[in-house]
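>>> return atomic coordinates for the entry below.
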Amino acid sequence: MEEGGHILAQIQVRQNESLDSALKRFKKELEQAGILREAREHQHYEKPSDKKRKAEAARKRKIARSSRP
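Presented below is the predicted three-dimensional model:
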């Protein structure tokens with residue numbers, strides 16, 4: 001479901017389903033939709049220069065990991 005350009009996570013609690021398992025499915029849905037990641041990104045403002053620095057560091061880590069035996 002989309003509302004205002006945002007994807008909303010939604011589940012239907014099944015008959016005889018425990019609240020724990022429904023919550024687990026909901027959390028998985030949030031993770032797949034990227035909602036939690038996006039919320040963490042918007043928690044604090046990050047300067048563009050800091051974003052570039054972080055992305056460069058991640059790129060270097062990825063290259064270093066892939067070159068390991």
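>>> quick one: low-confidence residue ranges for this structure.
1-7 (pLDDT under 70).
>>> apply 50 and report the result again.
With pLDDT under 50 as the threshold, the chain has low-confidence stretches at 1.
>>> tell me where it has strands.
2-3, 6-7 (DSSP state E).
>>> run a quick neighbour tally on residue 35.
15 (other CB atoms under 10 Å). (C-beta placed from N, C-alpha, C; glycine too.)
>>> try residue 38
Around residue 38 sit 11 other residues, with neighbours defined as other CB under 10 Å.
>>> before we move on, what about residue 14?
Using other CB under 10 Å: residue 14 sits among 10 other residues.
>>> name the nearest residue to it, sequence neighbours excluded.
Spatial nearest neighbour of residue 14, chain neighbours left out: residue 22 (7.5 Å); criterion: CB to CB, 6 or more residues apart in numbering.
>>> contact partners for the one you found?
Going by CB atoms under 8 Å, 6 or more residues apart in numbering, residue 22 touches 11, 13, 14.
>>> now find how far off-centre the longest helix belonging to the chain is within its chain.
Scanning the chain for the longest helix, with DSSP state H as the assignment, gives helix 48-66. Relative to its chain's centre, helix 48-66 lies at 18 Å (CA atoms, centre = their mean, to the nearest Å).
>>> which residues does it contact?
By CB under 8 Å, 6+ apart, helix 48-66 touches residue 46.
>>> still on that earlier bit, tell me how far the residue nearest to residue 14 lies from residue 15.
Per CB to CB, to the nearest Å, residue 22 is found 11 Å from residue 15.
>>> go on, residue 45?
45 Å.
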